[in-house]
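Student: the sequence and its predicted three-dimensional model are supplied below.
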Amino acid sequence: MSSDALSKVLERIDADFDNSLDRLFDLLRIPSISTDPAHAGDCRQAAEWLAKELTGIGIPSSVRETNGHPMVIGHRTGEGKPGPHVLFYGHYDVQPVDPLDLWHTEPFAPRVDTRPDGTKVIVARGSADDKGQLMTFVEAARAWISEAGDLPIDVSIMLEGEEESGSPSLRPFLDANKDELSLDLALVCDTGMWDAETPAVTTMLRGLVGEEIVITAADRDLHSGMYGGLARNPIHILVDILAGLHDEDGRVTVPNFYDGVIEMPDDVMAMWETLGFTTEGFLGEIGLKLPAGEEGRTPLEKIWTRPTCEINGVSGGYQGAGFKTVIASKASAKVSFRLVGNQNPEKIREAFRAYVRSKVPEDCSVEFHEHGGSPALRLDFNSPSLSSARAALEAEWGKPAATIGCGGSIPIVGDFKNRLNMDSLLVGFGLDDDQVHSPNEKYNMKSFKSGIRSWARILAELAK
């Protein structure tokens, strides 16, 4: 793809930016709240709006039915194009707006606001999550087709309408349309930058195992004066189990827990050192200052590339007002593990259950309740698509793109890998202060404009 063609596309993006903003505002005005049945018609309206818009720019698209809100699927392909055939993913549904009284203006009346530091931002529900993000790609595609007559690579698009409500229709849809959607590479825009001036590619997502355990001792609650000191207390058993999950150095004690954990390459670790991330700054925002976790690991290692075990809830005994001297018959806890590298979720689950059983006295019992599991995901650091994306982002933003991790999980990326055998390139332009899912959600104007230009450059680089 010639640099002259790309230059003309970028000029078209700049010249047409006011119209791009108007189109985004049209989409933002649709209150497509997927979790609220009262907005089912709005979700369909958003899907139809996007299908019409994509078809109008030269990407023939249709609204596809599911058991819930519809999908939007579009394709533009041609003979002999270089590069991968990509599947771009975004979602058009948004979170509810409650509490409404905390919004400064109407959530579905988009506006441009100027912050005290002069930064211009787009304020509306969905501006950052995910309508503004997905429209960066749509507008980049519009500019390529308008100026060059075609996209530089084959592109398919899938826009979901249930991401904010658990994606109940997604997996059946992927399975039913596997042949159509199993392409070379997925592009996912529902991510962010390192900071307002530093672009990023998210290359790692931690996996997850969720477990609930219920310890039962006596067959009923007991009077603590009559039975205390002789009868087993399931809360004692439970807290002993939970306290033993970590050693004094912060490592998880479940046998074979670290099988499959991968150390980061030296060059990646060196790059992370340049990002200026500190424990004091990160924890200071939440009123803490002393780090937890594994000894001898950097802060970014701890939240991106090391596995964890967290206790998410504990219950047992009387929890009402006042006091009740009772020995409960049952005690329960919810425990989650974040996974990295090649850790196997089912092996982690089995090892945890074996550990718990080994701690339960023979006259007591334990029940386990599974709460999901998924492996970690990591893009090969030598991947040509990663190199292409980083080169394009550096050209647009004027500084190297950070390759970052994400401590959480993005289910769609796992589904692309596990159901469609397709890696994902995660590039987005959101910021930590965008207030997604909160009142007064915003998307920086620079994120929107430079995001469009960035996708135009990424498409050109992938064609190489």
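Tutor: Cool, the structure landed. Residues are numbered from 1 along each chain as shown.
Student: going forward, measure contacts and count neighbours with C-alpha atoms only.
Tutor: Will do.
Student: per-residue confidence averaged over stretch 274-290?
Tutor: Averaging pLDDT along stretch 274-290 gives 94.
Student: same check on stretch 103-121?
Tutor: 97.
Student: just stretch 77-97 next, same as before
Tutor: So the average pLDDT for stretch 77-97 ends up being 96.
Student: now the end-to-end length of it.
Tutor: This stretch, stretch 77-97, spans 38 Å end to end (Cα to Cα, to the nearest Å).
Student: list the buried residues of it.
Tutor: 83-97 (16 or more other Cα atoms under 10 Å).
Student: show me the shaky parts of the stretch 201-350 of the chain.
Tutor: Nowhere does the stretch 201-350 of the chain drop to pLDDT under 70.
Student: tell me the contacts of residue 33?
Tutor: Shown in contact with residue 33 (Cα atoms under 8 Å, 6 or more residues apart in numbering): 39-40, 42-43, 93-96.
Student: now with 7 Å?
Tutor: 39, 43, 93-96 (Cα atoms under 7 Å, 6 or more residues apart in numbering).
Student: with adjacent residues omitted, what lies nearest to it?
Tutor: residue 94 (5.0 Å; Cα to Cα, 6 or more residues apart in numbering).
Student: ok, residue 135 next?
Tutor: residue 24 (6.8 Å).
Student: am I right that the one you found is in a helix?
Tutor: Yes. Residue 24 forms part of a helix when assessed by DSSP: H, G, I helix; E, B strand; the rest coil.
Student: tally of neighbours for it?
Tutor: 22 (other Cα atoms under 10 Å).
Student: please apply the same query to residue 444.
Tutor: Residue 444: 25 neighbours (other Cα under 10 Å).
Student: from residue 455, how far out is it?
Tutor: Residue 444 is 16 Å from residue 455, by Cα to Cα.
Student: show me where the stretch 101-250 of the chain has its helices.
Tutor: Applying DSSP state H, counting those that start in this stretch to the stretch 101-250 of the chain gives helices spanning 131-148, 170-176, 178-181, 224-227, 234-243.
Student: just confirm residue 68 is within a helix.
Tutor: No. Going by three-state DSSP, the assignment for residue 68 is coil, not a helix.
Student: using the three-state scheme, assign residue 324.
Tutor: coil.
Student: isn't it right up against residue 224?
Tutor: No. Taking contacts as Cα atoms under 7 Å, residue 324 lies outside contact range of residue 224: 9.3 Å.
Student: so between these two, which is more surrounded?
Tutor: residue 224 (16 against 12).
Student: strands along the stretch 1-150 of the chain, start to end?
Tutor: Using DSSP state E, counting those that start in this stretch, the strands found in the stretch 1-150 of the chain span residues 61-64, 71-76, 86-91, 111-114, 120-123.
Student: what's the most buried one of the helices of the stretch 101-250 of the chain?
Tutor: helix 131-148 (a mean of 24; mean count of other Cα atoms under 10 Å).
Student: pLDDT on it, on average?
Tutor: 98.
Student: give me the helices and strands touching it, please.
Tutor: Here helix 131-148 is seen to pack against helix 3-15, helix 17-28, helix 445-462 when contacts are counted using 3 or more Cα pairs under 7 Å, 6 or more residues apart in numbering; DSSP states H and E.
Student: in TSV, list those helices along with mean pLDDT and distance to residue 331.
Tutor: TSV is the format used below for the helices and strands packed on helix 131-148 (pLDDT from 0 to 100; distance: least, Cα to Cα, whole Å):
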stretch	mean pLDDT	distance to residue 331
helix 3-15	96	60
helix 17-28	98	47
helix 445-462	98	48
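Student: can you tell me which of those helices is nearest to residue 156?
Tutor: helix 445-462 (12.6 Å; Cα to Cα).
Student: please name every helix or strand in contact with that closest one.
Tutor: strand 120-123, helix 131-148, helix 384-397.
Student: can you do 8 Å?
Tutor: For helix 445-462, the helices and strands in contact under the criterion 3 or more Cα pairs under 8 Å, 6 or more residues apart in numbering; DSSP states H and E are helix 3-15, strand 120-123, helix 131-148, helix 384-397.
Student: just the CA atoms of the helix or strand just after the last one, as PDB, please.
Tutor: As assigned by DSSP states H and E, the chain's next helix or strand after helix 384-397 is strand 402-406. Included here for strand 402-406 are C-alpha records, laid out as PDB according to Å, rounded to 0.1, in the frame of the first residue of the first chain:
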ATOM      1  CA  ALA A 402       3.200   0.400  24.800                       C
ATOM      2  CA  THR A 403       2.500  -3.300  24.800                       C
ATOM      3  CA  ILE A 404       0.400  -3.700  27.900                       C
ATOM      4  CA  GLY A 405      -1.500  -6.300  29.900                       C
ATOM      5  CA  CYS A 406      -4.900  -6.300  31.400                       C
END
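Student: quick one: stretch 173-192 to chain centroid distance?
Tutor: The chain centroid and the centroid of stretch 173-192 are separated by 15 Å under Cα atoms, centre = their mean, to the nearest Å.
Student: check stretch 424-441 too.
Tutor: 10 Å.
Student: show the end-to-end separation of that stretch, please.
Tutor: From its first residue to its last, stretch 424-441 covers 26 Å (Cα to Cα).
Student: before we move on, back to that, for residue 189, find the nearest of the strands of the stretch 1-150 of the chain.
Tutor: Taking the strands of the stretch 1-150 of the chain one by one with Cα to Cα, strand 86-91 is closest: 6.2 Å.
Student: got the angle for that closest one vs helix 131-148?
Tutor: Angle between the axes of strand 86-91 and helix 131-148 is 140 degrees (criterion: axes from the mean of the first three to the mean of the last three Cα atoms, to 10 degrees).
Student: helices or strands up against strand 86-91?
Tutor: For strand 86-91, the packing partners by 3+ Cα pairs under 8 Å, 6+ apart are helix 131-148, strand 155-160, strand 185-188.
Student: one more time with 10 Å
Tutor: Using 3 or more Cα pairs under 10 Å, 6 or more residues apart in numbering; DSSP states H and E, the elements in contact with strand 86-91 are strand 71-76, helix 131-148, strand 155-160, strand 185-188, helix 411-420, strand 424-426.
Student: turn these into TSV, including distance to residue 6.
Tutor: Formatted as TSV, the helices and strands packed on strand 86-91 follow (distance: least, Cα to Cα, whole Å):
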stretch	distance to residue 6
strand 71-76	19
helix 131-148	8
strand 155-160	17
strand 185-188	20
helix 411-420	29
strand 424-426	21
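Student: break this protein down into its domains, please.
Tutor: 3-205+377-462, 207-261+307-374 (automatic domain parsing).
Student: what's the span of the shortest one, first residue to last?
Tutor: So that's domain 207-261+307-374. 5 Å.
Student: and the residue lying closest to residue 405 once chain neighbours are set aside, what are its bridge partners?
Tutor: Closest residue to residue 405 apart from its sequence neighbours, by Cα to Cα, 6+ apart: residue 204 at 4.5 Å. The partner list for residue 204 in beta bridges (DSSP bridges) reads residue 378, residue 405.
Student: kind regards, and thank you for your time.
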